[in-house]
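A.B. asks: Model the structure of this input:
(one chain, ligands or ions: 3)
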Amino acid sequence: MNSEERDVITGLYGKDGFYREARMLIDTTENEYDIIAMDIERFKIINDNYGTEEGDRLLKYIADRMVTYTDSMNSAAMRMSADCFFIIVEHHEGFEEQFISYMRNEVNNYDLSMKVTVKFGIYKVEDKTISVAKMCNRALLAVEMIKGKYDVSFNYYDDSIRKKMELEQTITNDMESALANREFEVYFQPKYDLLTDKVAGAEALVRWKHPIRGMISPGIFIPIFERNGFVTKLDMFVWEETCKYISQWKQKGRVSIPVSVNVSRCDIYNTNLPQVLLELVGRYNINPDELHLEITETAYTEDSEQLIEVVSQLKMSGFIIEMDDFGSGYSSLNMISELPIDILKLDMRFVQSDNANNNKNIMNFVVGLAKWMNLLVVAEGVETQEQINSLKSIECNYVQGFFYSKPLPGNEFTQQLKDIEISPMINDSDKTRTKDEVVLRKGAGEKVILVVDGMQWNCDTIYEYFKSTYSVAYTGNAQNAINYIEDNYDKVVLVISELILKGMGGMEMLIKLKAEREFAKIPVIITAQLGQGGEEMALALGASDFILKPYSKGVMMRRVQNVLLQSSMKYGRDKENADNIANTNPSTGLIESSDASARIFGFMKSRKDAEATYVLISVQNLDKVKDICGHSKVCEVIEQFAAILKKSFRKDEIIYQSAPGEFAIFLPRKFADSEFDARLDELQKMLKCTVDNVDVYCAIGVSEYPAGGMNYQMLYQNAKIALMEAKASNAGKYKVFKYK
Ligand code: C2E
Ligand code: CA
Ligand code: CA
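C.D. replies: Ligands and ions are numbered 1, 2, ... in the order given. Below you'll find the predicted structure:
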């Protein structure tokens, strides 16, 4: 039977089967029917977090419940795509609601540590002449309208949906030309300081002046642009317009006020975002901290790892991060602690709700929490004096809303700025700056990395990266850093200093340190923003490395490790710890390949006459395992093999996963000829298993240092060549080729 007829995982109908059955029900009986689409929310996350096997179990569970409910009736059910089900049922008054509440209950009872929710779209079959496929499509449209809305669980297809689809189409047709014709315009809504009643900042909000439809609200077109991707272009336009205004206000001699722009979740997927924004503010000659970035809370639930990485880099680049719409939906207090946020924007719902008392309690709690975490709070949607009073009583910092001002066109807002007093949010004396005195944060080791950086957050970040091996001392003042080194010369193993600091800069400090014979041994890494220059000079003056901000954790760890290795080779400083700051892969427990290559590189540099063996192991038939048993089984095999490898090698041997399904081992010595075969034979015996009748085994390629390659790259490539020969050889899958 083909899969269009029956779905293999759930046993429900596939498309063909369902369309045929539904057609028959509709045509041969007098009854009226409903077609209900059911969608599992965030199914991808379930699959990613718990594995496809668990995802399949959920699908099967849901299918079984559907069948149980509808078994006795005139009905049929199918699974159409990954997480989307359809069912056709006889229409009875109130029946759909019964079915929905039944299914919701059943899904609620499903045992999984994450809450599973399902949404329903209902199409009442009124026009029996249209195809079942079209009917299904309408039910699907109905469910798609409510995806992500946390308080709605079902929706009927009706004319309004059709109209919405039409509007969506027109908007999509017009958007490109609208941007080219400058139909989009940026408005500014001021934010007020509740203490001083002065303007403290503004938010840039886009408006579309459509030549035919008139003013279209961003509430309508932004969600559409987020779906079709155009929002990234529009946002770029809004950011640039905003920068133009900020620079114009500055040029005309007014104090600068920070303006926030909205950053859509689509923008976050661009890993170049920090560079794009830095280039932009650079071009208009404004500081990153004059541009605040509003990131909405729903973005936090999707790809949180990527989000944390990108937002951290934005923060490191000097932008101020505001968390938008806090409390609007999938609130995640966890995220506030993981993300480097400066400002929390309370969702309007809090301020505007009728249930004032209850909300005041929640707001009180949130503002308290924010204070505790050193965040500022902005309340949005403030419309009445009463609301102001209540916000003042809980010591909220800033407000934005119609009570003070609607969003204004750029020229009007510019005009206003002339006449009013302002007190910018976050100024220089702010607490996000590092203090002058040296603060020591104890980590697992006695040895100290000294960080000289004006931004507190950068110091915290470096502490987080290295605390498992080092203690971290930090200060914003280079002179104090030098004093600290004088007192703690034997403890400080590395200095990481920002290029530009208040008072003495990083370069001057570098010169001073390198001029002292003893201090010259302490390696110094200079960090700088793109465009500040200084790399060549820093390296010429003796800096061990020059790292551009924003850096990622991986880059920072690797480069610090290289610097420490170099310094240990040269002066014997802190050899032991340098080896310990490798990242390990959480599932295999092996060190990450970037760290492994850094170590191998270090070995080659430090021990020029040494010999070594590089073994590349490729696990065969994983594709078959994946097809039959799924991805999670593949992971299981890899983890099992990793565990075996870890057990059978010595501490000085570097084992890592060099590619999916491929392990590499670097042994800092050469095998004797007799030992060689024995070891590899043994390896191949250990690394094999049978999964559902599929034989999993390993092919091995070896290259020897230095004959098989003088550097890491060559060594890897030659081992790979040997590996291919091993795979291709007919002499048997266990045959090992030695590259000569
Ligand atoms: P948001 O970021 O939460 O923006 C605040 C919205 O609240 C704005 O609606 C603003 O006009 C409105 N507002 C301000 N004060 C009050 C008040 O006192 N009462 C009420 N009822 N509303 C108030 P707007 O301008 O219609 O924007 C709607 C949403 O569209 C924004 O919500 C934001 O999510 C999105 N948006 C607007 N401009 C942009 C943009 O340039 N890029 C992106 N990606 N999204 C944007
Ligand atoms: Ca916003
Ligand atoms: Ca908001």
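A.B. asks: so what's Ile146 up against?
C.D. replies: If a contact means Cβ atoms under 8 Å, 6 or more residues apart in numbering, then Ile146 has Lys119, Gly121, Val152, Ser153, Phe154, Asn155 as its contacts. For the C-beta atoms, the positions are set from N, CA and C on the backbone; glycine is no exception.
A.B. asks: at 6 Å what do you get?
C.D. replies: Ile146 makes contacts with Lys119, Val152, Asn155, as judged by Cβ atoms under 6 Å, 6 or more residues apart in numbering.
A.B. asks: that's a strand at the second one, yeah?
C.D. replies: It stands for Val152. No. When DSSP: H, G, I helix; E, B strand; the rest coil is applied, Val152 is found to be coil, with no strand at that position.
A.B. asks: And the residue in the stretch 1-150 of the chain that ligand 2 sits nearest to, how close does it get to Ile161?
C.D. replies: Distance from ligand 2 to each residue of the stretch 1-150 of the chain (Cβ to the ion) is smallest for Gly148, at 17.2 Å. Counting by Cβ to Cβ, to the nearest Å, the gap between Gly148 and Ile161 amounts to 16 Å.
A.B. asks: of the two, who's got more company?
C.D. replies: Comparing Gly148 with Ile161 by other Cβ atoms under 10 Å, the one with more neighbours is Ile161, at 18 against 14.
A.B. asks: show me the contacts for that one.
C.D. replies: Ile161 neighbours (Cβ under 6 Å, 6+ apart): Leu141.
A.B. asks: next SSE after the helix or strand containing it?
C.D. replies: In this structure, Ile161 sits in helix 159-180 according to DSSP states H and E. Heading C-terminal from helix 159-180, the first helix or strand you meet, by DSSP H and E, is strand 184-193.
A.B. asks: list the buried ones in that next one?
C.D. replies: Using 16 or more other Cβ atoms under 10 Å as the test for burial, strand 184-193 gives Phe184, Val186, Tyr187, Phe188, Gln189, Pro190, Lys191, Tyr192, Asp193.
A.B. asks: Likewise for stretch 312-325?
C.D. replies: 312-325.
A.B. asks: Pipe those into a markdown table and attach secondary structure, distance to Ile100 and pLDDT per row.
C.D. replies: A markdown table is the format used below for the buried residues of stretch 312-325 (DSSP: H, G, I helix; E, B strand; the rest coil; distance: Cβ to Cβ, whole Å; pLDDT from 0 to 100):
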| residue | secondary structure | distance to Ile100 | pLDDT |
| --- | --- | --- | --- |
| Ser312 | helix | 41 | 91 |
| Gln313 | helix | 43 | 92 |
| Leu314 | helix | 42 | 94 |
| Lys315 | helix | 43 | 93 |
| Met316 | helix | 47 | 92 |
| Ser317 | coil | 47 | 92 |
| Gly318 | coil | 50 | 92 |
| Phe319 | coil | 44 | 95 |
| Ile320 | strand | 44 | 95 |
| Ile321 | strand | 40 | 95 |
| Glu322 | strand | 38 | 95 |
| Met323 | strand | 34 | 92 |
| Asp324 | strand | 32 | 92 |
| Asp325 | strand | 28 | 88 |
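A.B. asks: Between these, which sits nearest Lys134?
C.D. replies: Asp325 (36.2 Å; Cβ to Cβ).
A.B. asks: For my notes, confirm Ile119 occurs in a strand.
C.D. replies: For the record, residue 119 is Lys, not Ile. Yes. Checked against three-state DSSP, Lys119 lies within a strand.
A.B. asks: where's it relative to Met604, distance?
C.D. replies: Separation of Lys119 from Met604 (Cβ to Cβ): 57 Å.
A.B. asks: who has more neighbours, the two?
C.D. replies: Set Lys119 next to Met604 and count neighbours by other Cβ under 10 Å: Lys119 wins out with 23 against 19.
A.B. asks: so where's the stretch 51-200 of the chain uncertain?
C.D. replies: The stretch 51-200 of the chain contains residues with pLDDT under 70 at 72.
A.B. asks: The residue of the stretch 1-150 of the chain closest to ligand 2 in helix, strand or coil?
C.D. replies: coil.
A.B. asks: list the buried ones in the strand or helix carrying Ile655?
C.D. replies: When elements are assigned from DSSP H and E, Ile655 belongs to strand 654-659. Along strand 654-659, the positions that meet the burial threshold by neighbour count (16+ other Cβ under 10 Å) are Ile654, Ile655, Tyr656, Gln657, Ser658.
A.B. asks: where does the nearest residue to the first one once chain neighbours are set aside land in three-state SS?
C.D. replies: Right, the one you point to is Ile654. Take Ile654 and drop its neighbours on the chain: the residue closest to it by Cβ to Cβ, 6 or more residues apart in numbering is Phe666, 4.2 Å away. Following three-state DSSP, we place Phe666 in the strand state.
A.B. asks: What confidence value was assigned to Asn355?
C.D. replies: Residue-level confidence at Asn355 comes out at 67, pLDDT.
A.B. asks: C-alpha coordinates for the helix or strand where Arg599 lies, PDB please?
C.D. replies: Using DSSP H and E, Arg599 falls within helix 593-606. The C-alpha trace of helix 593-606 is given here as PDB (Å, rounded to 0.1, in the frame of the first residue of the first chain):
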ATOM      1  CA  SER A 593      36.500  19.600  17.100                       C
ATOM      2  CA  SER A 594      37.600  23.200  17.200                       C
ATOM      3  CA  ASP A 595      39.300  22.700  20.500                       C
ATOM      4  CA  ALA A 596      40.800  19.400  19.300                       C
ATOM      5  CA  SER A 597      42.300  21.100  16.300                       C
ATOM      6  CA  ALA A 598      43.700  23.900  18.500                       C
ATOM      7  CA  ARG A 599      45.400  21.300  20.700                       C
ATOM      8  CA  ILE A 600      46.800  19.400  17.700                       C
ATOM      9  CA  PHE A 601      48.000  22.700  16.300                       C
ATOM     10  CA  GLY A 602      49.600  23.500  19.700                       C
ATOM     11  CA  PHE A 603      51.300  20.100  19.800                       C
ATOM     12  CA  MET A 604      52.800  20.700  16.300                       C
ATOM     13  CA  LYS A 605      54.000  24.100  17.200                       C
ATOM     14  CA  SER A 606      55.600  23.200  20.500                       C
END
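A.B. asks: need the contact list for Tyr398.
C.D. replies: Going by Cβ under 6 Å, 6+ apart, Tyr398 touches Lys191, Asp193, Ala200, Val378.
A.B. asks: Which residues does it form beta bridges with?
C.D. replies: Assessed by DSSP bridges, Tyr398 has beta-bridge partners Asp193, Val378.
A.B. asks: and the helix holding Ile161, how far from the chain's centre?
C.D. replies: In terms of Cα atoms, centre = their mean, to the nearest Å, the centre of helix 159-180 is found 30 Å from the chain centre.
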